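# quick one, what's the 3D model for this:
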Amino acid sequence: MSSSYGGTSAFDRLRARLDGQAYACEECGYVDEEGSWEAVTTGATVEYRRECPSCGTERVRKFRL
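Next up is the predicted model:
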């Protein structure tokens, strides 16, 4: 990954990359410019989750390690 996204680990850099992209809810169209992705790992996968503050829809991006 590009070092321009900063962070000390690959997880930090990926979260910074996701946070750097505009987020528009697929359900209601709300554009959330201040939220952030939450990371959860099981050891075999990493899930980045983000909840729409308008309608509560959760978006998940899953990456297999």
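
# next up, phi/psi of the most centrally placed residue in the chain, please.
Central residue of the chain (CA atoms, centre = their mean): residue 37, 3.4 Å from the mean position. Main-chain torsions, residue 37, degrees, to the nearest 10: phi -80, psi 140.

# so it makes contact with residue 46?
No - applying CB atoms under 8 Å as the test, residue 37 and residue 46 come out as separate, 10.6 Å apart. All C-beta spots, glycine's among them, are computed from the backbone N, C-alpha and C.

# in the helix or strand of the chain with the lowest mean pLDDT, what's buried?
For the chain, using mean pLDDT, DSSP states H and E, the weakest element among its helices and strands is helix 10-19, scoring a mean of 85. In terms of neighbour count (16 or more other CB atoms under 10 Å), helix 10-19 has its buried residues at 13-18.

# just name the closest of those residues to residue 65, please.
Closest approach to residue 65 among the buried residues of helix 10-19 (CB to CB): residue 14, at 11.6 Å.

# residue 56 versus the closest one, what's the distance?
As judged by CB to CB, to the nearest Å, residue 14 and residue 56 stand 24 Å apart.

# how about the contacts made by residue 31?
The contact partners of residue 31, by CB atoms under 8 Å, 6 or more residues apart in numbering, come to 22-25.

# that one bridge partners, please.
Beta bridges link residue 31 to residue 24 when assigned by DSSP bridges.

# before we move on, the earlier item: the least confident helix or strand of the chain packs against which elements?
strand 38-41, strand 45-51 (3 or more CB pairs under 8 Å, 6 or more residues apart in numbering; DSSP states H and E).

# can you give the distance of that helix from its chain's centre?
7 Å (CA atoms, centre = their mean, to the nearest Å).

# got the CA positions of it in PDB?
Extracted in PDB, the C-alpha atoms of helix 10-19 (Å, rounded to 0.1, in the frame of the first residue of the first chain):
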ATOM      1  CA  ALA A  10      -1.400  -2.600   7.400                       C
ATOM      2  CA  PHE A  11      -4.800  -2.500   9.200                       C
ATOM      3  CA  ASP A  12      -4.200   1.200  10.100                       C
ATOM      4  CA  ARG A  13      -3.300   2.000   6.500                       C
ATOM      5  CA  LEU A  14      -6.300   0.200   5.100                       C
ATOM      6  CA  ARG A  15      -8.700   2.000   7.500                       C
ATOM      7  CA  ALA A  16      -7.100   5.300   6.600                       C
ATOM      8  CA  ARG A  17      -7.600   4.500   2.900                       C
ATOM      9  CA  LEU A  18     -11.300   3.600   3.600                       C
ATOM     10  CA  ASP A  19     -11.800   6.700   5.700                       C
END
